[in-house]
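>>> quick one: sequence plus predicted model below, questions after.
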Amino acid sequence: MAFVLSEDREREVSDILSRYPNKMAACIPLLHLCQDANEGWVSEEVILFVAERLQISAAQVKGVVTFYTLFNQEKPGKHQVWVCHTLPCALRGGEHILHHCEKKLGIHAGETTPDGRVTLRSAECLAACGQAPMMQVDKEYHENLTTEQVDRILEGLLKDG
Ligand code: FES
């Protein structure tokens with residue numbers, strides 16, 4: 001089924017397109033908008049929609065989607081947890097935080113809990129290196145993490161109805 005946007009989202013698309021010097025430059029913001037409108041992921045239908053709107057090839061859009069880890073190629077869980085694994089976070093225990101999340105959630109990075117509540121991923125630097133180790137939960141950053149803080153955060157997500 002073809003992907004379509006609501007009238008409000010279409011207005012946002014027009015606004016995005018007006019802000020960039022060429023259509024290709026609008027690819028990332030348009031993909032973010034469409035991902036939000038498509039339950040958090042970029043389907044083949046979304047890729048075709050974006051390609052048509054930007055008058056570029058589907059292969060170009062797919063190249064962007066597969067390069068940036070913040071674009072989901074499958075439907076994610078209700079909440080998304082991104083644990084930074086880049087060097088500054090790694091030196092401050094980021095890998096331990098990721099393993100702790102895996103143990104607590106009973107899944108590996110890249111997987112979603114069986115109840116569909118949480119998708120866990122490891123991430124490249126999220127630009128909060130000064131507050132390492134850190135993770136992003138949906139759109140919120142959690143910094144200077146301890147395993148106790150992680151437990152509280154994850155328990156909140158697992159309980160969230
Ligand atoms: S290295 Fe983790 S936020 Fe930059």
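That came through fine. Residues are numbered from 1 along each chain as shown.
>>> please parse the chain into its domains.
7-67, 79-159 (automatic domain parsing).
>>> which one, of those domains, ends up nearest to the ligand?
domain 79-159 (3.3 Å; Cβ to the nearest ligand atom). C-beta here means a position set from N, CA and C on the backbone, and glycine is covered the same way.
>>> re the thing from before, any chance of CSV for the domains of the chain, columns mean neighbour count?
Shown next, in CSV, are the domains of the chain (neighbours: other Cβ atoms under 10 Å):
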stretch, mean neighbour count
domain 7-67, 16
domain 79-159, 17
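>>> which among those is found nearest to Gln73?
domain 7-67 (6.4 Å; Cβ to Cβ).
>>> alongside the ligand, which residues does this structure contribute?
84, 86, 88-89, 125-129, 132, 134 (Cβ under 6 Å from any ligand atom).
>>> and if we set it to 5 Å?
Counting by Cβ under 5 Å from any ligand atom, the chain comes close to the ligand at 84, 86, 88-89, 125-126, 128-129.
>>> strands along this protein, start to end?
With DSSP state E as the criterion, the chain has strands at 79-84, 118-123, 135-137, 140-142.
>>> dump these to CSV, plus mean pLDDT.
Listed next are these as CSV, based on pLDDT from 0 to 100:
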stretch, mean pLDDT
strand 79-84, 96
strand 118-123, 96
strand 135-137, 97
strand 140-142, 98
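>>> so which of those strands comes closest to Thr112?
With Cβ to Cβ as the criterion, Thr112 lies closest to strand 118-123 of these, at 4.4 Å.
>>> report the separation between the residue nearest to the spatial centre of the chain and Lys139.
When Cα atoms, centre = their mean is applied to the chain, the residue found nearest the centroid is Leu70 (3.7 Å). Taking Cβ to Cβ, to the nearest Å as the measure, Leu70 falls 11 Å from Lys139.
>>> please, where are all the helices along the protein?
All helices of the chain, identified by DSSP state H, fall at 7-19, 27-37, 44-54, 58-67, 87-91, 94-105, 147-159.
>>> adding mean pLDDT, write those helices out as TSV.
Output for the helices of the chain, formatted as TSV (pLDDT from 0 to 100):
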stretch	mean pLDDT
helix 7-19	96
helix 27-37	97
helix 44-54	97
helix 58-67	97
helix 87-91	97
helix 94-105	98
helix 147-159	97
